[in-house]
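Engineer: Just the structure for this:
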Amino acid sequence: MSNNLTLNIEHIKKEKDGIDVLSDIYIYAVLGERVSAKDLIRFQWYGIYKQEDNENYFKVVIPLPLGELNIEQLKTLALISKEYARNSLDINRGQKIQFKYLKMHDLPHIFNLLHNVNLSTIFEAGHTVRNIITCPINTVDGKQLMDVSTIATKINDTFIGNKKYSNLPNKLQIAINGCKEECCHVEIPDVKFDACTYKSNKVLFSVKIIGEHIGYITPSQILQTSKAIVNIYKEYGNRTDINKSTFASLVKTWGLAEFNEILDSSINFNLKRIILEADTRATKGEHFGINKSTIEGQSYIGCKIKSQNLKASDFNSLAVILEKYNASKVKLTNKGNIIILDAPSTKADDLAKDLQKVNFNPFI
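Structural biologist: I've put the predicted structure just below:
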């Protein structure tokens, strides 16, 4: 992209912040007017895109907090697929759901349905901090070092939908791992926190910037470190050249040493520059099959999905099976597969067989 495009985008954001376009979405839906080129860019802050293969339609992408869906949410997504999206229901990498063939006048109804089950599209894209990426078996993995769901939720609550962080030079992706397996992302995130053992019974987190370890912090220091990094990027990131506007470009321009100096001056504690022994505990790739959970009497079941292009009936069938076996929630992996988190162990085999019949295959 040209430098002029970067300048135009910065000008567009100065005219109206992407987060402030929500009221315009409703106005367009009521009046039926053609969406301006500028607002189409701002629509991305709410996960709305013009459909490439048909300009009469829009597609909407929904990031899932911690990658989770409960039965009510599964049913709502199936309803939206059937009623508004011509039966489209795609699972995207990075723990996201996508609908296609949406009409502009239906978007307010869709947003209301999502809101009613605590789902939202805000900050799916645009120059924002994205929904944090987590390990798909966090909370149920017996080999995890720490349950990071509370920390991850605090990070999402701090950044997602916060106007203070709605105009970065470009996107910024954070990930957090409570285990030692590289299963919480499909590409190197901008900022990553990896749990590590320290002095036998304590946990520290390795801070990784574009995949490079820069030091260790305690769990209680993760949020402050995240804020400091985001604010550094917001203040110093390149806003004049789209090809140099990413967080990775800023780090490359400065070098890790200089980045570390700026970060150290932005927080009221020191990153621990120590050497820890390698932790040999690890979980397995996509976690397929029936696995023992940390929760007594429960198992988690990882399912391979043949195609990420699903239909409303797929999620309806999944919800019916969960209800049949008294399970209640699933999690999307970052590669686009599904894990049943709370299957009763005594019924896990039968549940898995029923899942296989509707193309959620645990037996690969």
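Engineer: so what's Lys227 up against?
Structural biologist: By C-beta atoms under 8 Å, 6 or more residues apart in numbering, the contact list for Lys227 reads Thr158. Just so you know, the C-beta spots here come from the backbone N, C-alpha and C atoms, and that holds for glycine as well.
Engineer: Helix, strand or coil: sort out it for me.
Structural biologist: Secondary structure of Lys227, reduced to three states by DSSP: H, G, I helix; E, B strand; the rest coil: helix.
Engineer: Could you check the pLDDT of it?
Structural biologist: Residue-level confidence at Lys227 comes out at 98, pLDDT.
Engineer: Glu68 against Lys329, yeah?
Structural biologist: Yes: A contact is recorded between Glu68 and Lys329 when judged using C-beta atoms under 8 Å, the distance being 5.8 Å.
Engineer: Report the set of residues contacting both of these two.
Structural biologist: By the contact definition C-beta under 8 Å, 6+ apart, Glu68 and Lys329 are jointly contacted by Leu341.
Engineer: Now do the SS call for Arg239.
Structural biologist: coil.
Engineer: confidence score at it?
Structural biologist: Predicted confidence (pLDDT) at Arg239: the value is 95.
Engineer: now Cys183
Structural biologist: In the predicted model, Cys183 carries a pLDDT score of 62.
Engineer: Check Met1 too.
Structural biologist: 44.
Engineer: can you list contacts of the strand or helix carrying Ile301?
Structural biologist: Under the assignment given by DSSP states H and E, the secondary-structure element containing Ile301 is strand 298-305. The set of residues that contact strand 298-305 without belonging to it, under C-beta under 8 Å, 6+ apart, is 91, 137, 140, 286-293, 333, 336-345, 348, 351-352, 355, 359-362, 364.
Engineer: If any of those residues are buried, put those into a ChimeraX selection.
Structural biologist: For the buried members of the contacts of strand 298-305, the matching ChimeraX selection, counting by 16 or more other C-beta atoms under 10 Å, is:
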select :91,137,140,286,287,288,289,290,291,293,333,336,337,338,339,340,341,342,343,348,351,352,355,360,361,362
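Engineer: List the ones among the contacts of strand 298-305 that fall in helices.
Structural biologist: Cross-referencing the contacts of strand 298-305 with the helices (criterion: DSSP state H) gives Ala348, Leu351, Ala352, Leu355 as the overlap.
Engineer: which of Glu68 and Lys329 has more neighbours?
Structural biologist: Glu68 (19 against 15; other C-beta atoms under 10 Å).
Engineer: which one is that one nearest to, not counting chain neighbours?
Structural biologist: Lys331 (5.2 Å; C-beta to C-beta, 6 or more residues apart in numbering).
Engineer: To what extent is the nearest residue in space to Gln356 that is not next to it in sequence buried, counted in neighbours?
Structural biologist: Taking C-beta to C-beta, 6+ apart as the measure, Gln356 lies nearest to Phe363, with 6.1 Å between them; neighbours along the chain are not counted. Residues within reach of Phe363, counting by other C-beta under 10 Å, total 12.
Engineer: Phe363 and Leu355 touch, don't they?
Structural biologist: No: using C-beta under 8 Å, Phe363 makes no contact with Leu355, being 9.2 Å away.
Engineer: Identify the contacts common to these two.
Structural biologist: When contacts are counted by C-beta under 8 Å, 6+ apart, the set common to Phe363 and Leu355 is empty.
Engineer: Between the ones in helices among the contacts of strand 298-305, which sits nearest Gly18?
Structural biologist: Of all these, the one with the least separation from Gly18 (C-beta to C-beta) is Leu355, at 39.0 Å.
Engineer: how about the strands in the stretch 201-350 of the chain?
Structural biologist: Secondary structure of the stretch 201-350 of the chain, counting by DSSP state E, counting those that start in this stretch: strands at 202-209, 212-217, 289-292, 298-305, 309-310, 329-332, 338-344.
Engineer: out of those, which comes closest to Lys103?
Structural biologist: Closest approach to Lys103 among the strands of the stretch 201-350 of the chain is made by strand 309-310 (20.2 Å; C-beta to C-beta).
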